[in-house]
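Visitor: What follows is a predicted structure for the sequence shown.
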Amino acid sequence: MDYLTQQLINGLSIGATYALIALGYTMVYGVLRLINFAHGEVYMMGAVVAYWIAIGIAPWGWPVWGALAVIFGGAMGACAVLGFAIEFFAYRPLRNKPRLVVLITAIGVSLLLQNLAQTRYVFGPTPEAFPAVIEAKTVVRWTMGGPDNVVTVSNLDLLSLGLSLGLMGVLAWVVLRTRQGLALRAVSYRFDTSSLMGINTNRTISFTFMLGSALAAVAGVVDAIRYDVRPLMGLMPGLKAFVAAVLGGIGSIPGAFVGGLVIGLIETLVKGYLSSAYSDAVAFVVLIVILLVRPSGILGRYEAEKL
């Protein structure tokens, strides 16, 4: 029982980062009906920016929470600008083009960012350990049925879950309680009609890309601190987050959050009880099953589409 509990805690921690990335996928799809396959590379760029900021402030001797605030804030700001640039230069000129053209462009942007990150001017091809800004340590520890059956929760687990839940709350407030959120919901419901009602659709779409990119940056920083920084680190988490968005219901913000947690739990349980060799494949098995059984996802709604 203690082993299962530990795996569930680990799965929630990992799933929280998938959820943050999946939110970007589902927000962009909800507004533009576009799958932004460059979103995983935005997550990677968040880790890269955080790495350079951490190196820059290391000699200053800042306290842990001050350093983390600067690192997360800098990465979120940089990725928000990157998200705006991707939408403005790559997607906006193709808004009235066939969806296949936009999809190919998204893959092209993804490959461009991957190769830029591998240059020595951005990061380089070699993985690097993240500077020791925060030391991983156990903050919660309890026994279950005996002194050898120990369950632990680390500060990085709490950081991942806390940021994910907190940012989900902020996102819900922005979408449901602000004028910009009202505009986002209107554009998501009817793109053409919202522009006739005086909503600046270009600004709303740019805001959506910037917000989703900032959330992906947070996930990138958390994983960089937990593991390391690599120029291709966005490939697999980006695909798994896409699966999470589809699982939860593409276009549904709560669905993306739930889907991310579910994918994290499934992946961790497969690693713990079967083999880590299957942990990546299981996400795509889930994608196939959900498309066969419930294409609209867990919290998604079926919408008839006129041809």
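Guide: Thanks, I have it.
Visitor: what comes up buried for stretch 221-233?
Guide: Using 16 or more other CB atoms under 10 Å as the test for burial, stretch 221-233 gives V221, V222, D223, A224, I225, R226, V229, R230, P231, M233. For every residue, glycine as well, the C-beta is placed using N, CA and C.
Visitor: mind checking how far the third one is from A19?
Guide: Computed with CB to CB, to the nearest Å, the distance linking D223 and A19 is 13 Å.
Visitor: ok, how many other residues are close to V150?
Guide: As a burial measure, V150 scores 13 neighbours (other CB atoms under 10 Å).
Visitor: I meant to write Y189 there.
Guide: Per other CB under 10 Å, the neighbour tally for Y189 reads 11.
Visitor: packing partners for the strand or helix carrying L269?
Guide: Assessed by DSSP states H and E, L269 sits inside helix 253-273. The contact analysis (3 or more CB pairs under 8 Å, 6 or more residues apart in numbering; DSSP states H and E) places helix 253-273 against helix 2-32, helix 155-177, helix 235-248, helix 281-293.
Visitor: closest one to F123 among those?
Guide: Among those, helix 235-248 comes nearest to F123, with 14.8 Å by CB to CB.
Visitor: report the angle between the axes of the closest one and helix 281-293?
Guide: In terms of direction (axes from the mean of the first three to the mean of the last three CA atoms, to 10 degrees), helix 235-248 departs from helix 281-293 by 30 degrees.
Visitor: what comes up buried for helix 235-248?
Guide: By neighbour count on 16+ other CB under 10 Å, the buried set for helix 235-248 is 235, 237-248.
Visitor: I'd like the residues you listed laid out as CSV, including distance to I266.
Guide: Shown next, in CSV, are these (distance: CB to CB, whole Å):
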residue, distance to I266
L235, 19
P237, 15
G238, 17
L239, 14
K240, 10
A241, 14
F242, 15
V243, 10
A244, 10
A245, 15
V246, 14
L247, 9
G248, 13
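Visitor: ok, these vs P295, which is closest?
Guide: Proximity of these to P295 (CB to CB) peaks at V246, which lies at 8.5 Å.
Visitor: Shouldn't V140 be within a strand?
Guide: Yes: the assignment for V140 is a strand, going by DSSP: H, G, I helix; E, B strand; the rest coil.
Visitor: Okay, and the beta partners of it?
Guide: V140 forms beta bridges with V153, as assigned by DSSP bridges.
Visitor: What is the burial count for it?
Guide: For V140, the count of nearby residues is 12 (other CB under 10 Å).
Visitor: My guess is it contacts N155. True?
Guide: No: contact between V140 and N155 fails when scored by CB atoms under 8 Å: they sit 9.4 Å apart.
Visitor: Got phi/psi on T143?
Guide: T143 adopts backbone torsions of phi -100, psi 150, taken as degrees, to the nearest 10.
Visitor: was I right about it contacting N149?
Guide: Yes: contact status for T143 versus N149: in contact at 5.8 Å, counting by CB under 8 Å.
Visitor: Looking at those two now, which is surrounded by more residues?
Guide: Taking neighbours as other CB under 10 Å, T143 and N149 compare with N149 leading, 14 against 11.
Visitor: give me the number of residues near the spatially closest residue to that one that is not a sequence neighbour?
Guide: Nearest residue to N149, sequence neighbours excluded (CB to CB, 6 or more residues apart in numbering): D2, at 3.8 Å. D2 has 15 neighbours, counted by other CB under 10 Å.
Visitor: distance between the helix holding L269 and the chain's centre?
Guide: In terms of CA atoms, centre = their mean, to the nearest Å, the centre of helix 253-273 is set 13 Å apart from its chain centre.
Visitor: angle of that helix against helix 155-177?
Guide: Using the same axes, to 10 degrees: helix 253-273 against helix 155-177 is 160 degrees.
Visitor: Same question for helix 253-273: list its buried residues.
Guide: Neighbour-count burial for helix 253-273 flags 253, 255-272 (criterion: 16+ other CB under 10 Å).
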